[in-house]
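> A structural model of the following input is requested.
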Amino acid sequence: MLGFSRHVVCWTSRASLGRCVASRALASSATNEEVRTVNGRIARDNLSMDVKTIVSNTDLVLSHLKSRRASDDAIDAAKTIVSLQTKRVSLIQERDDFLSQRKDASAKVGMLMRDKDNADPKEIDEQKELSAQAAEGAQKAETELEEIQSTMDSLLAGIPNLLDDLVPDGDDETQNEEVAKWGDLDALPAKLGWGDDFEAKWHDDVALGLNSYQAEAAVRMSGARFVALSGPIAQLERALAMFFLDLHTTKHGYTEVNVPYIVGRSALEGTSQLPKFQEDLFAITPESHTCNGEDAFLIPTAEVPLTNMHANSILEESQLPICYVAWTPCFRAEAGSYGRDTKGLIRTHQFQKVELVKITTATTSDEEHELLTSHAEACLQALELPYRKVRLCSGDIGFSARHCYDLEVWLPGAQEYREISSCSNTADFQAKRMALRYRPEPPAEEPSDGKKKQKQKKPKPEFCHTINGSGLAVGRTLVAVLENYQRPDGSVVIPEVLRPYMGGKEVIEAPASK
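The predicted structure is shown next:
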């Protein structure tokens, strides 16, 4: 069962976003100098996951990894980084000593050569030999440093993000915290004439009854976990995507982006799908295509190309927040889900999704996360689909997320809530991997006291924070519409907000039985 949140409930209006952000103060209210713990782990205290944090706050990092129920490999990786950093510091000192020796020896050689007539040739040769040996020692130390750095980078890539103090401790999805519920489960059934003896059908049975579900044809062409839709159901799926795009671009302030569906390895490393989740990706053979010489993959989500739009760049604070939305197909091998959700549209290798991405600053990160989540909720509310909002626990939260909400829509056919959107604040975790920074605006100039003004230095760039979420998963929304809006006669009522996208049609009628 889901646990109920011990924190302030986060509602969807902008006026209450501050209350939700303020709730993290409740999660970390202790101010004494002792090690502070929250939800069974050491409090994060504004730290980010990087080598410096791992080395300087090893106990904190290990407590977060254990709270995540991380693998032994991840825990060992953190410990290895600590030991390698000690060796790295020693090698840096060794290299610098050799460089100093080479500099001294080279200077003596130069001095002797300037007075060559009086210089001892043997001493010149000795100093040259010392310089060569020092250069060789420095190069050897540098090579070892590069190898250690490469190993540390590889180990760091397999370590997940630190957790927000709000994240509850738990083993899996059964221990997520319910934050809020929206909608009446009985409202649509009453409006659609469901009697007490009516048993809601699964979405695929509804679509099949409308002659619009072509699963067998898709499997013949592409194999398991592929589905083809036709006729009014295909149109309904497109209507959902277009409605979401219009809502986000006209009401919520997002810029629509049409992105590539193929990306290189570095883009997936930036958003942290690689190296850990390579088995879940669809790879493209190098003989077919590479991305600037890198391995190429089909995108698992538009989060990857949207976030990487500004990789390796420095933005100005005045540009932030950047808010992007994209409607794309998504491709996932789902290697870890064998035997799960094999029926219908819940878990397929190819599906459509409208993705929301925000790039912002550390100071606005939490507020923008709440705002993005409210935008995803607005889609469900406009469709009048009952849902609940849960905060993911430490054992269920994603690899790159610091804090995550799942929105779970009610499916009457399956008689359960199912995830339809996952809204994650990754903080600076992804930005560090893709070198995505911004330059803070300089502080306001102080009033002149008659003295000559000194030119202000530009503030140093800081890492951005990235936030992403589905707004919404189109296929799963179609599932929810089919199950919630079905009528006993097999027809499906089209939600009111979708009718302009369906040519004004109000009902998808069931074909007459022969």
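
> ok, now which ones touch the closest residue to N39 other than its chain neighbours?
Using C-beta to C-beta, 6 or more residues apart in numbering and skipping the chain neighbours, the partner closest in space to N39 is D169 (4.5 Å). The C-beta positions use only the backbone N, C-alpha and C, and glycine is treated the same way. With contacts taken as C-beta atoms under 8 Å, 6 or more residues apart in numbering, D169 has the following neighbours: 39-41, 67, 175, 393-395.

> over to E462?
Counting by C-beta under 8 Å, 6+ apart, E462 makes contact with 361-362, 437-440.

> same question for E377.
Contacts here follow C-beta under 8 Å, 6+ apart; on that basis E377 touches 12, 182, 387, 389, 407.

> how about it, phi and psi?
E377 adopts backbone torsions of phi -60, psi -40, taken as degrees, to the nearest 10.

> tell me how far it lies from N118.
With distances taken as C-beta to C-beta, to the nearest Å, E377 is found 87 Å from N118.

> confidence-wise, which of the contacts of E377 comes last?
By pLDDT, T12 ranks lowest within the contacts of E377, coming in at 38.

> which stretches of this protein have low pLDDT?
Within the chain, the segments meeting pLDDT under 70 span 1-33, 116-117, 335-340, 445-455, 513-514.

> that one: helices as residue ranges?
If DSSP state H is used as the criterion, the helices of the chain fall at 17-27, 51-56, 58-67, 72-114, 121-157, 187-191, 203-209, 215-222, 231-250, 265-270, 303-307, 365-382, 429-434, 474-484.

> turn those into TSV, including distance to E419.
Conversion of these to TSV gives the following (distance: least, C-beta to C-beta, whole Å):
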stretch	distance to E419
helix 17-27	20
helix 51-56	30
helix 58-67	22
helix 72-114	24
helix 121-157	26
helix 187-191	20
helix 203-209	15
helix 215-222	22
helix 231-250	17
helix 265-270	22
helix 303-307	15
helix 365-382	11
helix 429-434	21
helix 474-484	8
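
> surely A333 touches R347?
No: under the criterion of C-beta atoms under 8 Å, A333 is not in contact with R347, lying 11.3 Å apart.

> one step back: just the buried ones out of the contacts of D169, please.
With burial judged by 16 or more other C-beta atoms under 10 Å, the buried subset of the contacts of D169 is 39, 41, 67, 175, 393-395.

> that older thread, determine which of the helices of the chain approaches A510 most closely.
When those are compared by C-beta to C-beta, helix 203-209 sits nearest A510, at 5.9 Å.

> surely E294 and S266 touch.
Yes: E294 sits in contact with S266 when judged by C-beta under 8 Å, with a separation of 6.0 Å.

> returning to that earlier point: what is the most widely separated pair among the contacts of D169?
Most distant of those, by C-beta to C-beta, are R41 and Q175, 14.6 Å apart.

> buried stuff in stretch 313-328?
For stretch 313-328, the buried set under the neighbour-count rule, 16+ other C-beta under 10 Å, comprises 315, 317, 320-328.

> redo those residues as JSON lines? Include distance to A510.
Written out in JSON lines, the entries for the buried residues of stretch 313-328 read as follows (distance: C-beta to C-beta, whole Å):
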{"residue": "L315", "distance to A510": "53"}
{"residue": "E317", "distance to A510": "56"}
{"residue": "L320", "distance to A510": "50"}
{"residue": "P321", "distance to A510": "46"}
{"residue": "I322", "distance to A510": "45"}
{"residue": "C323", "distance to A510": "41"}
{"residue": "Y324", "distance to A510": "40"}
{"residue": "V325", "distance to A510": "34"}
{"residue": "A326", "distance to A510": "35"}
{"residue": "W327", "distance to A510": "29"}
{"residue": "T328", "distance to A510": "32"}
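
> for L315, what are its contacts?
For L315, the contacting residues are 322, 359, 436-439, 464, by C-beta under 8 Å, 6+ apart.

> among those, who's most crowded?
Ranked by the number of neighbours (other C-beta atoms under 10 Å), the contacts of L315 place C464 first, at 29 neighbours.

> what about it, distance to Q415?
For C464, the distance to Q415 equals 42 Å [C-beta to C-beta].
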